[in-house]
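> Model the following, please.
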Amino acid sequence: FEPYGIGNSRSKWLVGPVQIKHIKPIGKDPQANHAKILVIENEKEFWLTAFGMAQELDLLFQSGLDIHVVLDIKRNVWNQREYLDFSIVDFAPVVYV
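Presented below is the predicted three-dimensional model:
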């Protein structure tokens with residue numbers, strides 16, 4: 001995922017279609033519209049972070065639509081444990097014709 005900086009932006013990843021399985025609000029301010037989103041792709045589950053997108057994703061979840069997501073992936077350390085953090089940059093509903 002590195003190096004990145006001036007002239008070399010962070011990599012973005014297109015994933016999908018994925019099915020939203022669960023949405024869990026996060027943060028102290030309920031108006032902030034942030035959430036953790038559990039999605040399924042090829043029978044594997046992943047948690048994604050959605051900053052400022054929870055309401056729009058909840059509408060798609062309620063309608064039963066699958067989505068494509070563009071992700072920013074970062075390596076994080078919390079409680080001396082290293083993990084990958086998947087943040088949604090953008091998303092779009094999948095339209096099957």
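
> low-scoring stretches of the protein, by residue?
Scanning the chain for pLDDT under 70 picks out 1-3.

> how about the strands in the chain?
Taking DSSP state E as the test, the strands found in the chain are 12-25, 35-41, 44-50, 67-78, 81-93.

> May I see these organised as a markdown table, with mean neighbour count and distance to Ile6 added?
Yep, even glycine has a C-beta here, placed from its N, CA and C like the rest. Putting the strands of the chain into a markdown table (neighbours: other C-beta atoms under 10 Å; distance: least, C-beta to C-beta, whole Å) gives the following:
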| stretch | mean neighbour count | distance to Ile6 |
| --- | --- | --- |
| strand 12-25 | 15 | 17 |
| strand 35-41 | 19 | 31 |
| strand 44-50 | 16 | 26 |
| strand 67-78 | 15 | 17 |
| strand 81-93 | 14 | 20 |
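
> Now distance to Phe61 too, for those strands, in a markdown table please.
Putting the strands of the chain into a markdown table (distance: least, C-beta to C-beta, whole Å) gives the following:
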| stretch | distance to Phe61 |
| --- | --- |
| strand 12-25 | 4 |
| strand 35-41 | 8 |
| strand 44-50 | 11 |
| strand 67-78 | 9 |
| strand 81-93 | 11 |
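
> contacting residues around Pro25?
34-35, 54 (C-beta atoms under 8 Å, 6 or more residues apart in numbering).

> As CSV, those residues with distance to Val97 would be great.
Compiled in CSV, the contacts of Pro25 are given as follows (distance: C-beta to C-beta, whole Å):
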residue, distance to Val97
His34, 33
Ala35, 29
Ala54, 29
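
> which of the residues you listed lies closest to Tyr4?
Nearest to Tyr4 among those, counting by C-beta to C-beta, is His34 at 23.7 Å.

> Isn't that closest one up against Ala50?
Yes - in this structure, His34 is within contact of Ala50 by C-beta atoms under 8 Å, at 6.7 Å.
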